[in-house]
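Q: Okay, here's the prediction I keep looking at, along with the sequence it came from:
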Amino acid sequence: MVSVNYYVALSAILFSIGALGVLSRRNTLIVFMSIELMLNAANLAFVAYARTYDTFSGQIFAFFVIAIAAAEVAIGLALVVEIYKSRNNVNIDDVNSLHG
Amino acid sequence: MNSELIVFLVLSLVAIATALGMLFSRNAVYAALFLALNFVAVAIFYLLLGAPFVAMAQITVYAGAIMVLFLFVIMLLGVKDLEPTRALPWQKPLAIALSVILAAEATYVLLAKARTTMMVASPDASLNTMESLRNLSVMLFSDYLFPFEVTSILLLVAMIGAIVLSHRNKKETK
């Protein structure tokens, strides 16, 4: 038996690492991966509480989050490829105007 | 110390180490592979939490499809290394400070101020049966039918959006 608090604390740590990645890394792809890490951390908390309260709702929400992450990655990576085509790099600091 | 706690501690070490590896690796390919390992560790957590369906969805969608897409784009663009060009010199220390504050706050609220000391039940064989999967799918297609359909429309929109985004430039160059 593991306390649910441990799982949620691990989830919080992983979320913070993801937030650090979004804030500090300049490579758009790494920023993207950090967002995936944050979604994953939230999923872990969902499933941990679903098990604690013995319900399936948390698992279903985790499933929805996975589906939405897939949609997000498809659009996001298409955008990254477009950014690379127009600027020839994926540095997020260079993407500071709406003009293509 | 029971065996479940040992498994939890080892897995959480793996998860945190791979997350940090993803964060600090200069090579985007290594970062993607670290992230794939992190996803697998989280999938094992799901198995430990009695959620085999979510664990398998995690492996197929995250560690499979999403990571392949990431690696494909990284290798397509050939942007393995980026020279650090910073518009804001104070950004990195500030980011580290804010993230440490966020982690400390979150763990403090969750551990020190937690009113409940609920335990996660140990994984048992009864969870890994068709019965549990059937209950999950009945709930998904009854109580959560509307979100399910909305999600499918969202996936369709994402697919069309990705096609439109990558198709546009071809027309312009013709």
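A: Arrived safely, thanks for sending.
Q: Would you map the strands across the chain?
A: Going with chain A. A:2-3 (DSSP state E).
Q: Please refer instead to chain B.
A: B:119-120.
Q: Show me the shaky parts of it.
A: Across chain B, the ranges flagged by pLDDT under 70 are B:1, B:79-87, B:113-117, B:125-128, B:168-174.
Q: Spatially central residue for it, please.
A: B:Phe39 (5.7 Å; Cα atoms, centre = their mean).
Q: In contact with that residue, which residues?
A: A:40, B:58-59, B:62-63, B:67 (Cβ atoms under 8 Å, 6 or more residues apart in numbering or on different chains). No exception for glycine: its C-beta is placed from N, CA and C like everyone else's.
Q: A:Asn5 against B:Val109, yeah?
A: No - look at A:Asn5 against B:Val109 with Cβ atoms under 8 Å: they stay out of range, at 10.4 Å.
Q: The two: who's more crowded?
A: Ranked by neighbour count (other Cβ atoms under 10 Å in any protein chain shown), A:Asn5 and B:Val109 place A:Asn5 first, with 20 against 13.
Q: which other helices and strands contact the longest helix along chain B?
A: In chain B, taking DSSP state H as the definition, the longest helix is helix B:145-173. Judged by 3 or more Cβ pairs under 8 Å, 6 or more residues apart in numbering or on different chains; DSSP states H and E, the packing partners of helix B:145-173 are helix A:57-87.
Q: tilt between the helix it packs on and helix B:145-173?
A: 10 degrees (axes from the mean of the first three to the mean of the last three Cα atoms, to 10 degrees).
Q: Helix A:57-87 near chain B at all?
A: Yes - using Cβ under 8 Å from any Cβ of the partner chain, we find that helix A:57-87 touches chain B at A:57, A:59-60, A:62-64, A:66-75, A:77-82, A:84-85.
Q: Return the set of buried residues in that helix.
A: A:58-67, A:69-74, A:76-81, A:83-84 (16 or more other Cβ atoms under 10 Å in any protein chain shown).
Q: What of stretch B:64-79?
A: Buried-residue list, stretch B:64-79, by 16+ other Cβ under 10 Å: B:66-67, B:69-70, B:73-74, B:77, B:79.
Q: What is the nearest of the contacts of B:Phe39 to A:Thr28?
A: B:Met67 (16.5 Å; Cβ to Cβ).
Q: what's the closest non-adjacent residue to the closest one?
A: B:Ala36 (4.5 Å; Cβ to Cβ, 6 or more residues apart in numbering or on different chains).
Q: didn't the one you found look like it was pressed against B:Ala65?
A: No - using Cβ under 8 Å, B:Ala36 is not in contact with B:Ala65, being 11.3 Å away.
Q: what touches both of the two?
A: By Cβ under 8 Å, 6+ apart, no residue touches both B:Ala36 and B:Ala65.
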